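# my questions concern the predicted model and sequence given below.
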Amino acid sequence: MEPIQKDKVQQQLDSYVDQEIYLHLETTNGSYAVLRGERTISVGAFIRNVPLRFERAVIAGHGPYRVGLKMQHGWVYAEGLTDWEPERQEGLLLAGHDEEGRLAVAFQVSRTPFGKEEE
Amino acid sequence: MKPHVLVVYPHPDDETFGPGGTIILHAQAGTPVTYLCGTLGQMGRNMGNPIMANRETLPKLRKLELQQAAKILGISDLRMMGYHDKTVEFEDREVLVKRILDVIEEIQPTVVYTYYPGHAVHPDHEAMAEATVEALSRIPAEQRPVLYCQAISNNRLEALGEPDVSVDITSVAEIKLQAIKAHYTQTAQTAARLEKAYANKDPEIIPWLTVERFYTYRWE
Ligand SMILES: [Zn+2]
């Protein structure tokens, strides 16, 4: 992945407005955080390939970035985003990596469900 | 009975970090080794150093790494179960048990390796370990293979005492290190550090590459 180019990401977000898209949203501090004594609890959540539609999408901040998707009845939100995948054919892949390069947050939208070709 | 080893873990790299050296020794002795690997570690946090994977390419890369590591360890029969990382505990447990039992009945292992239930730390580890114990419990005691479990919890010694089996893997430490490096996306950050520590005979690292310890599972 490469450092987020805010303008290009905004363009891509705009291209998904008012369409049915699939969302992958994830955040984690790692399953071994407790074992390593870094945290008192392991925290993580993901949703994968949830279909939704949004009317407005904005990337904000100066890095790490935030993204908000405004939907008819609510919001999708992610923060701590640092990198994106500029060469990806279909789908917008954003992620946030910590100082050791470990993934801490992922935000992805695509017109087709994720993982069909990879897994 | 002809010796045959079965290894059951949920993530590519569990087999290497866990009983990697022991697997190499079994393979060197000419014993076939079957590895049932539950997932592709799709949700791993390590993405290589420099970052070379994203959430969507990670499973593809980890599959290749797993195949490479299996070759290095001498695993003759690698079977990927196709579960999604972090979700094994939510799957139909009976189906999982049955899939493991089917493999046991097919290959007739004499020795099985997995994590120690209750001391496996990661929910996928616990689920695979519990299902393996459950599958083996359905084999008549006199035909049941020996089950060796690794405990990685912080409280393992208080709860279980000292492991009763210690395998000296000194002779294959270099090969284990190669297998660790094969899991490139997961170990790129640590492999270089590890290799240097090993070369310098760092007392923290040396035990880790010279002995693997297991608890013989006691059936009630
Ligand atoms: Zn694992």
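Thanks, I have the structure now.
# tell me how many other residues surround residue 20.
All of this is about chain A. Neighbour count of residue A:20, defined by other Cβ atoms under 10 Å in any protein chain shown: 9. Yep, even glycine has a C-beta here, placed from its N, CA and C like the rest.
# meant chain B actually
Neighbours of residue B:20 using other Cβ under 10 Å come to 27.
# write out the residues of chain B neighbouring chain A.
Counting by Cβ under 8 Å from any Cβ of the partner chain, the residues of chain B close to chain A are B:40, B:42-51, B:54-57, B:59-60, B:82, B:84, B:86, B:121-123, B:152-154, B:189.
# emit the ChimeraX select command for whichever of these are buried.
Entered in ChimeraX, the line below selects the buried ones among the residues of chain B next to chain A, by 16 or more other Cβ atoms under 10 Å in any protein chain shown:
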select /B:40,42,43,44,45,46,47,48,49,51,54,55,56,57,59,84,86,121,122,123,152,153,189
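# now, the residues of chain B next to chain A that are in helices?
Residues of the residues of chain B next to chain A located in helices (DSSP state H): B:59, B:60, B:123, B:189.
# excluding covalently adjacent residues, which one is nearest to residue B:65?
Leaving aside its sequence neighbours, residue B:65 sits nearest to residue B:183 (Cβ to Cβ, 6 or more residues apart in numbering or on different chains; 4.8 Å).
# surely that neighbour and residue B:20 touch.
No - between residue B:183 and residue B:20 there is no contact under Cβ atoms under 8 Å: 10.2 Å.
# now the residue most central in space within chain A. Nearest residue, chain neighbours left out?
Geometric centre of chain A, nearest residue: residue A:107, 0.7 Å, by Cα atoms, centre = their mean. The shortest distance from residue A:107 to any non-neighbouring residue, by Cβ to Cβ, 6+ apart, is to residue A:78 (4.1 Å).
# and the one you found, how many neighbours does it have?
Residue neighbour count, defined by other Cβ under 10 Å, stands at 21 for residue A:78.
# roughly how far does it sit from chain B?
Per Cβ to the nearest Cβ, to the nearest Å, residue A:78 is found 13 Å from chain B.
# contact partners for that residue?
By Cβ atoms under 8 Å, 6 or more residues apart in numbering or on different chains, the contact set of residue A:78 is A:25, A:27, A:66, A:67, A:94, A:96, A:105, A:107.
# which of these count as buried?
By 16+ other Cβ under 10 Å, the contacts of residue A:78 give A:25, A:27, A:67, A:94, A:96, A:105, A:107 as buried.
# list the contacts of the closest residue to chain A within chain B.
Among the residues of chain B, residue B:45 lies closest to chain A, at 4.2 Å counting by Cβ to the nearest Cβ. Residues in contact with residue B:45, defined by Cβ under 8 Å, 6+ apart, are A:28, A:30, A:102, A:103, A:104.
# most neighbours among those residues, which one?
When neighbours are counted by other Cβ under 10 Å, residue A:103 leads these with 25 neighbours.
# shouldn't that one be in contact with residue B:55?
Yes - contact criterion Cβ under 8 Å: residue A:103 and residue B:55 qualify, at 7.3 Å.
# what is in contact with these two at once?
Residues touching both residue A:103 and residue B:55 (Cβ under 8 Å, 6+ apart): A:26, A:95.
# what helix or strand is the closest residue to residue A:47 other than its chain neighbours on?
For residue A:47, ignoring the flanking residues on the chain, the nearest one in space by Cβ to Cβ, 6+ apart is residue A:25 at 5.4 Å. Applying DSSP states H and E as the criterion places residue A:25 in strand A:21-28.
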